[in-house]
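Undergrad: Got a predicted structure here, sequence first:
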Amino acid sequence: MLRSTFQTLSKRTFSSTSINPYKVAVLGASGGIGQPLSLLLKLNHNVTDLRLYDLRNAKGVATDLSHIPTNSTVKGFAPDQQQPDALRDTIKDSDLILIPAGVPRKPGMTRDDLFNINAGIVHDLAQTIAKEAPNSSILVISNPVNSTVPIVAEVLKEHNVYNPKKLFGVTTLDLIRSSRFLSEILKTDPTKEHVNVIGGHSGITIIPILSQLENCSTLSQEQKNELIHRIQFGGDEVVKAKDGAGSATLSMAYAGATFADAVMRGLNDEKNVVMSSFVDSPLFKNEGIDFFASKVTLGPNGVEKIHEFGKLNQHENEMLETCKETLKKNIEKGYTFVKNKK
């Protein structure tokens, strides 16, 4: 019974149809996102070599996960006398590197309030990635994603190893929230609701395109406005509910593991793997916006195609203009941080 339940869980969680061996590293594995994220990756049969890094307790988390009977090894790394090169050893030869490292939001904090702390953490991790694992697919979860992804890009450029097709800002949480929140209103199956979400990954930069969904035509404008606001600020809902004890960790871990699975399916050359992500994008480069979240096709080279997002209604176009103003500032903030570190 236990084995049957476990196999069912694995199959339901991830949809990979083939099994290929991937080395996956999680940087910040002992944190609120890192631990459940590492658990979900342990359940993914394509992950055969799971490496966990954190300043504290990574070895304990790894030992705990190693007892789960999937066909993978798990090893923890922490900088100490026994492992002076822990970060290098964690990421060496990795196929995927996920970065949830950083501090969580607390009540009253915005994602931008996290910037000074998390930007430094991500910058330093990117320095080692550039030297030791420049060919890996890099999945940035650490907030504010609108700024941390440009930070990683600039560090990689400094080392002449930047591959825009393999750097991803994980915005999957906006997608799964959209599916869930919309289904609650419509009384439908959330797994059947697919909302196209574009822009960035904070507040007003998150743009769910409801006008492209037939079933949303039954909603009043007030319902649509409330839904859009809830999608944009769903993180605040979690922070408030946890009453100072943390932010969105479990749902973010699920989102990160889901996107990692999609990247691996793309690397497997599985056809039609399409997900949204905050990537180096041509869509608004002529306006000075180097990164933008939209649907991308994933393949053996990472991003194989960046999709147009289609027609918007008047309200969505207004949201897009506001998004672009904020996004441009967020991206420049990341660039400036790296410039000042030189």
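TA: Great, that's in hand.
Undergrad: since we're on E318, how many residues are nearby?
TA: 11 (other Cβ atoms under 10 Å). In this view, the C-beta of every residue, glycine as well, is placed from N, C-alpha and C.
Undergrad: elements contacting the helix or strand containing it?
TA: Using DSSP states H and E, E318 maps to helix 314-341. Counting contacts by 3 or more Cβ pairs under 8 Å, 6 or more residues apart in numbering; DSSP states H and E, helix 314-341 packs against helix 115-132, helix 145-158, strand 197-199, strand 206-208, strand 291-299.
Undergrad: ok, for T73, nearest residue in space, not its chain neighbours?
TA: D49 (5.7 Å; Cβ to Cβ, 6 or more residues apart in numbering).
Undergrad: Now the element after the helix or strand hosting the one you found, going C-ward?
TA: Per DSSP H and E, D49 falls inside strand 47-53. Later in the chain than strand 47-53, the nearest helix or strand by DSSP H and E is helix 58-65.
Undergrad: What distance do you get for S294 to G169?
TA: 11 Å (Cβ to Cβ, to the nearest Å).
Undergrad: neighbour-wise, which of these two wins?
TA: Set S294 next to G169 and count neighbours by other Cβ under 10 Å: G169 wins out with 30 against 21.
Undergrad: Quick check: phi and psi at the more buried one.
TA: phi -90, psi 120 (degrees, to the nearest 10).
Undergrad: Secondary structure element for the residue lying closest to E237 once chain neighbours are set aside, which one?
TA: With sequence-adjacent residues excluded and distances taken as Cβ to Cβ, 6+ apart, E237 is closest to R230, at 7.2 Å. Per DSSP H and E, R230 falls inside helix 221-232.
Undergrad: Buried residues, that helix. List them.
TA: 224, 227-228, 230-232 (16 or more other Cβ atoms under 10 Å).
Undergrad: Grab the two from those that are most spread out in space.
TA: K224 and Q232 (12.4 Å; Cβ to Cβ).
Undergrad: got the CA coordinates for stretch 197-214 in CSV?
TA: Provided in CSV are the C-alpha atoms of stretch 197-214 (Å, rounded to 0.1, in the frame of the first residue of the first chain):
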residue,chain,number,x,y,z
VAL,A,197,0.2,35.6,-17.1
ILE,A,198,2.7,38.0,-18.5
GLY,A,199,5.0,40.9,-17.2
GLY,A,200,7.0,40.4,-14.1
HIS,A,201,6.8,38.7,-10.7
SER,A,202,5.6,41.3,-8.2
GLY,A,203,2.4,43.2,-7.6
ILE,A,204,1.3,45.4,-10.5
THR,A,205,3.9,43.8,-12.9
ILE,A,206,1.8,40.6,-12.8
ILE,A,207,-0.7,40.7,-15.7
PRO,A,208,-3.2,37.8,-15.9
ILE,A,209,-4.9,38.0,-19.4
LEU,A,210,-8.4,37.1,-18.5
SER,A,211,-9.8,38.5,-21.8
GLN,A,212,-8.4,35.5,-23.6
LEU,A,213,-10.5,33.0,-21.6
GLU,A,214,-14.1,32.3,-22.8
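Undergrad: Low-confidence ranges, the stretch 201-342 of the chain, go.
TA: Applying pLDDT under 70 to the stretch 201-342 of the chain picks out no residues at all.
Undergrad: Please apply the same query to the stretch 1-150 of the chain.
TA: Within the stretch 1-150 of the chain, the ranges that satisfy pLDDT under 70 run 1-19, 105-112.
Undergrad: so what's the closest residue to G102 other than its chain neighbours up against?
TA: Leaving out its chain neighbours, the residue that sits closest to G102 by Cβ to Cβ, 6+ apart is N118, at 3.7 Å. The neighbours of N118, taking Cβ atoms under 8 Å, 6 or more residues apart in numbering as the test, are 101-103, 142-144, 148.
Undergrad: What of I68?
TA: 39, 42-43.
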